[in-house]
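**Student:** below is the sequence, then the predicted model.
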Amino acid sequence: MNADQPQQISYSVKQAADATGIGESTLRRLIREGRLAARYMGSTILIDAPSLDRFYRALPSERQVDREVAAHRGDA
């Protein structure tokens with residue numbers, strides 16, 4: 001990140017969807033469920049950047065998913 005640019009502290013739902021590949025309706029549901037922290041400015045939802053980062057990094061990697069599927073099939 002450029003030192004001259006301010007650090008992004010929040011994302012609109014569209015920005016978060018573009019950044020993560022997670023659908024806008026899914027992001028809204030995660031907010032309603034309390035799994036993502038958000039703030040509101042009128043009707044605009046602002047997703048807290050650290051919350052989005054933590055959520056995204058906690059998602060399983062492709063290899064983790066492959067191992068879990070194999071374990072359930074008995075291939076492991």
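**Tutor:** Structure's in. What do you need? Numbering: from 1, shown residues only.
**Student:** output the below-cut-off pLDDT ranges for the chain.
**Tutor:** Applying pLDDT under 70 to the chain flags the ranges 1-3, 65, 74-76.
**Student:** quick one, strands of it?
**Tutor:** Secondary structure of the chain by DSSP state E: the strands cover 10-12, 38-41, 44-48.
**Student:** list the buried residues in the longest one.
**Tutor:** In this case it means strand 44-48. Residues 45-48 are the ones in strand 44-48 that count as buried (16 or more other Cβ atoms under 10 Å). The way it works is simple: take the backbone N, C-alpha and C, and place the C-beta from them, glycine included.
**Student:** again, but for the shortest one
**Tutor:** Taking 16+ other Cβ under 10 Å as the neighbour-count basis, strand 10-12 is seen to contain the buried residues 10-11.
**Student:** so what strands line up beside it?
**Tutor:** Partners of strand 10-12 in the sheet, by DSSP bridges, are strand 44-48 (antiparallel).
**Student:** what residues does the strand it pairs with touch?
**Tutor:** Contact with strand 44-48 is made by 9-13, 16, 27-28, 31, 36-40, as judged by Cβ atoms under 8 Å, 6 or more residues apart in numbering.
**Student:** show me how far that strand is from its chain's centre.
**Tutor:** 12 Å (Cα atoms, centre = their mean, to the nearest Å).
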